[in-house]
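[1] mind looking at a prediction? Sequence and model below.
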Amino acid sequence: MDHVNPSHRYRTVIVSDAHLGTPDARGEYLLHFLESIDCDNLVLNGDLLDVWNMQRRRWRGSPATTRLFQLLLRLAATGAEVVYVPGNHDECFRDYVGQSFAGVGLYRQWRHVLSDGRTALILHGDEFDGAMSSTPLARLAGNLGYELLLRFDRLSRRLRHRLGRGHWSLCRYVKSRIPGALGYIGQFEQAAVAHGATEGVDVMICGHIHHANLFEQDGVTYANSGDWVEHCTALVEHHDGRLEILDWAAVADEKAHGPIGSPAEANDASDRAAACG
Ligand SMILES: [Mn+2]
């Protein structure tokens, strides 16, 4: 990639679960992140757009989302390898895997060799939903509860913004204290590690569960890039092959005023319009 003033340089950047098109997406943070980095490979690992939600509500888009797509196309045009692996909320794009649009390649999953020689398999992760032990009814209840939680999360974010406080996620707080949520995360991670071992790769990279993590087990490194709804996290590969999870909300909040102007308010305003539309 070729930015004027990238403040962070990586070999590979992996982001997932931005859920753009929902009131909860942190598009301004993601835009600010992508404008601040320089990398050779950018992998969008699913649920970048929330087409499910866009079909339920009439989506009017937001300036951040438009600028984000312009940026992605510009990055692809300037030589970066930009890969889009559709997830379950944007699974309609799975019909187009194997094709490329304006330099952005669509793949069902992506194999990547790190600069230290390790092999990595990158896929969204809804493939492992069947390995979860919860019943369909429990999942439905979980989804409804999750939507309610996101609404409260939005309210608390607005309040914190008015009080001049940084990013903090109610969802993250609640999930970290519910044993069932942690059990779900653990089951997912175990299924992913087992799949990585079956596929014979050194590193298994996913998104989907909105929980960034990086650990090694049974000779497989598990990495999850997290999300841009409850958190603002990305997985990066440094030029020596080292993997790291970045918490961009923490970086942006450190810079006093956050990213571009007042992100929470800008996001909320444009997406509130979308939700009412
Ligand atoms: Mn997903």
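    Alright, I've got the coordinates. Predicted model only: the values in this text are computed from it and were never measured.
[2] three-state assignment of the residue in the stretch 151-277 of the chain that the ion sits nearest to?
    Closest contact between the stretch 151-277 of the chain and the ion, by Cβ to the ion, is at residue 208 (4.0 Å). Glycine gets a C-beta too; all of them are placed from N, C-alpha and C. Three-state call for residue 208 (DSSP: H, G, I helix; E, B strand; the rest coil): coil.
[3] nearest residue to it other than its sequence neighbours?
    Spatial nearest neighbour of residue 208, excluding adjacent residues (Cβ to Cβ, 6 or more residues apart in numbering): residue 125 at 3.3 Å.
[4] low pLDDT regions in the protein?
    1-6, 58-60, 133-151, 166-168, 171-172, 174-182, 255-277 (pLDDT under 70).
[5] all the strands of it, residue numbers only.
    Assigned by DSSP state E, the chain shows strands spanning 8-15, 37-44, 81-84, 100-101, 104-106, 110-113, 119-122, 203-206, 213-217, 220-224, 233-237, 243-247.
[6] name the stretch among the ones you listed that sits most buried.
    Here the criterion is mean neighbour count by mean count of other Cβ atoms under 10 Å, and of the strands of the chain the winner is strand 203-206, at a mean of 28.
[7] rewinding a little: pull up the gap between the residue nearest to residue 208 and the ion, please.
    Residue 125 sits 7 Å away from the ion, going by Cβ to the ion, to the nearest Å.
[8] isn't that residue up against residue 46?
    Yes. Counting by Cβ atoms under 8 Å, residue 46 is a contact partner of residue 125 at 7.3 Å.
[9] can you work out which residues contact both of the two?
    Here residue 125 and residue 46 have 87, 207, 208 as joint contacts, going by Cβ atoms under 8 Å, 6 or more residues apart in numbering.
[10] of those residues - the most surrounded one?
    residue 207 (32 neighbours; other Cβ atoms under 10 Å).
[11] next, count neighbours for the nearest residue to that residue once chain neighbours are set aside.
    Counting by Cβ to Cβ, 6+ apart, residue 207 lies nearest to residue 16, which is 2.7 Å off, once chain neighbours are set aside. Using other Cβ under 10 Å, residue 16 has 31 neighbouring residues.
[12] do you know how far residue 16 is from the ion?
    Taken as Cβ to the ion, the span from residue 16 to the ion is 8 Å.
[13] wait, what's in contact with that residue?
    44-48, 87, 124, 206-208, 225-227.
[14] quick one: contacts for the closest residue to residue 187 other than its chain neighbours?
    Once flanking residues are discounted, residue 187 sits nearest to residue 132: 5.3 Å by Cβ to Cβ, 6+ apart. Residue 132 is in contact with 139, 184, 187, 188, 191, counting by Cβ under 8 Å, 6+ apart.
[15] check residue 125 too.
    Counting by Cβ under 8 Å, 6+ apart, residue 125 has contacts 46, 87, 188, 192, 206, 207, 208, 209, 224.
[16] quick one: furthest residue from the center of this protein?
    Distance from the C-alpha centroid of the chain, by Cα atoms, centre = their mean, peaks at residue 163 (27.1 Å).
[17] what's the separation between it and residue 69?
    Relative to residue 69, residue 163 is positioned 32 Å away (Cβ to Cβ, to the nearest Å).
[18] quick check: bridge partners of the nearest residue to residue 199 once chain neighbours are set aside?
    Among residues not flanking residue 199 along the chain, residue 121 sits closest, at 5.4 Å (Cβ to Cβ, 6+ apart). When assigned by DSSP bridges, residue 121 has beta-bridge partners residue 111, residue 204.
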